[in-house]
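Peer 1: Whatever this is, show me its structure:
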Amino acid sequence: TAASAARDAAGRAHEAAGRAGDDAARARDEAELALEKAEAVSDISNAAREQAEAAVDTAASVAADVRGELRAALDAQASELREEIDGVAPRIDSLAGDVTRAVERAEAISAEARAAAEEGTGALREELDSVRAATISANAELATARADLTTLRQESTKILEEVAMSRQQAQAAMQRAQAGDQRIEGLSSELTFALATLDELKAGLTSAGQAAIIARREAESAKKAAVAESEKNNERVSEVFREIIGLAARSGGGGGGGGGGNVLRRAELGKLRARRESEVVQIPTRAPRHGFDDVSQPLAVLNLKGKFCELNPAFSKLVGYQEHEFLKAVWPSVHDRAVLQEQTDQLKAMVAGELETIEFRSSYMHSQGLMVAVDGELTLVRDEGGEPLSLLLTAKER
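Peer 2: Numbering: from 1, shown residues only. The predicted model follows:
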């Protein structure tokens, strides 16, 4: 067994020796190749060395030539510089002297400036002290002025408050004056209507003509007295107006005393109406017009001043007057004081052609003494040329 093992080991060693021999042969071949390459490299290196030595020799000769040329150029430039330095040296010495003199002058100027600065500083200190004193005085005066300004501001505030109160009082007085003016205008309108009523009574009552004339004179006198006294006492105007109305009611019956009230006044007006209807009066007539007199709705034609010109039967029935009896009435009605100014402005706008139609609410006194509402629409009528011609009042049926 040991011999077999040794034989096997010897066989493996022989195989290993064979492989080692093969490796050695390959290594020998590679070494030969490497030796050949080394020899080739050595030849190349020798050639390069020879070329390098030739280049060094060439560079040495070129450097020697360049060195000689540089030395010659440097010698020439050095000679030129030396000559320039020799020429500039006197100027440098002169400049050095100038610099020295400039330094000495600068030192002298600095000393003068220092002295002047010291003098200016002293003067400035004195001036600052005076300014400081003036500032203290100004501060004191400013404090006093502020106190005075505060006082003036307070007084101004009080004055402004008083002015505001005065303005409010003036506005209140103006409003009271406007209210008084409006009241006077309303009373004047009522007086105007009273005078118109007196004129109607005068025109319709032949037997009481003289009494109506006397009543009108008395009414005009009372109107003048009322206008004169209206600024002092508006209440007095109302009393005068009531007296005028009572006088107008009493003018047909010839009776005195105004204590009968509305009942007595209505009774007297009824008597006057009955007497007027019983008398033969020449009444102006006009031809009936289709589309106006034959309609059931109350219609009236007014001129551009707002005065009634024509009434259809329905409108005469509404107000209780015939056409010729109502010709002195005007629109807007003087009884509607609340809207009198507004309706007056609307009438002016329609006459100017700015409005075509307006709706209104109004009231007139019936022939029996009652107030009747006349509400409806007022329309502008134009002529063939398009200019305002008249007004058509269409009232609501009642």
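Peer 1: Report the contact partners of residue 97.
Peer 2: If a contact means Cβ atoms under 8 Å, 6 or more residues apart in numbering, then residue 97 has no contacts. In short, each C-beta sits where N, CA and C put it, glycine included.
Peer 1: I am assuming residue 300 contacts residue 306, so please confirm or correct that.
Peer 2: No: in this structure, residue 300 is not within contact of residue 306 by Cβ atoms under 8 Å, at 11.1 Å.
Peer 1: which one of these two has more residues nearby?
Peer 2: residue 300 (27 against 20; other Cβ atoms under 10 Å).
Peer 1: helix, strand or coil for that one?
Peer 2: Of the three states, residue 300 takes strand under DSSP: H, G, I helix; E, B strand; the rest coil.
Peer 1: what separates it from residue 327, distance-wise?
Peer 2: 11 Å (Cβ to Cβ, to the nearest Å).
Peer 1: Now list whatever residues contact both of these two.
Peer 2: residue 308.
Peer 1: shaky segments in the stretch 251-398 of the chain?
Peer 2: 251-284 (pLDDT under 70).
Peer 1: go again using 80 as the cut-off
Peer 2: 251-285, 398 (pLDDT under 80).
Peer 1: What segments of it are helices?
Peer 2: 261-278, 313-319, 340-351 (DSSP state H, counting those that start in this stretch).
Peer 1: Against which helices or strands is the shortest one packed?
Peer 2: Using 3 or more Cβ pairs under 8 Å, 6 or more residues apart in numbering; DSSP states H and E as the contact test, the elements touching helix 313-319 are strand 299-302, strand 371-382, strand 388-395.
Peer 1: Identify each buried residue in it, please.
Peer 2: 313-316, 318-319 (16 or more other Cβ atoms under 10 Å).
Peer 1: which among those residues gets closest to residue 159?
Peer 2: Nearest to residue 159 out of the buried residues of helix 313-319 is residue 319 (Cβ to Cβ; 60.3 Å).
Peer 1: got a list of what the residue nearest to the closest one when sequence neighbours are not counted touches?
Peer 2: Leaving aside its chain neighbours, residue 319 sits nearest to residue 364 (5.4 Å; criterion: Cβ to Cβ, 6 or more residues apart in numbering). By Cβ under 8 Å, 6+ apart, the contact list for residue 364 reads 319, 329, 333, 335, 371-372, 374.
Peer 1: 7 Å instead?
Peer 2: 319, 329, 333, 335, 372, 374 (Cβ atoms under 7 Å, 6 or more residues apart in numbering).
Peer 1: Now do the helix ranked longest in the chain against helix 340-351, angle only.
Peer 2: Ranked by residue count and defined by DSSP state H, the top helix of the chain is helix 2-204. With axes from the mean of the first three to the mean of the last three Cα atoms, to 10 degrees as the basis, helix 2-204 and helix 340-351 are set at 90 degrees to each other.
Peer 1: Give me the mean pLDDT for helix 2-204.
Peer 2: What helix 2-204 shows for mean pLDDT is 77.
Peer 1: what's the offset of that helix from the middle of its chain?
Peer 2: 47 Å (Cα atoms, centre = their mean, to the nearest Å).
Peer 1: Same question for stretch 375-384.
Peer 2: Taking mean C-alpha positions (Cα atoms, centre = their mean), stretch 375-384 and its chain are 41 Å apart.
Peer 1: What are the buried residues along it?
Peer 2: For stretch 375-384, using 16+ other Cβ under 10 Å, the buried residues are 376, 378, 380.
Peer 1: List just the nearest of the residues you listed to residue 76.
Peer 2: Closest to residue 76, out of all of these and judged by Cβ to Cβ, is residue 380, at 124.5 Å.
Peer 1: pretty sure that closest one contacts residue 391?
Peer 2: Yes: with contact defined as Cβ atoms under 7 Å, residue 380 and residue 391 form a contacting pair (6.3 Å).
Peer 1: Now do the shared contacts for the two.
Peer 2: Common neighbours of residue 380 and residue 391 (Cβ under 7 Å, 6+ apart) are residue 350.
Peer 1: hey, what's residue 307 bridged with?
Peer 2: Beta bridges link residue 307 to residue 330 when assigned by DSSP bridges.
Peer 1: re earlier: okay if I get the helices and strands packed on helix 313-319 as a markdown table plus distance to residue 71?
Peer 2: What follows is the helices and strands packed on helix 313-319, written out as a markdown table (distance: least, Cβ to Cβ, whole Å):
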| stretch | distance to residue 71 |
| --- | --- |
| strand 299-302 | 138 |
| strand 371-382 | 129 |
| strand 388-395 | 129 |
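Peer 1: Residue 353: which of those is closest?
Peer 2: Here strand 388-395 is closest among the helices and strands packed on helix 313-319 (Cβ to Cβ), at 5.6 Å.
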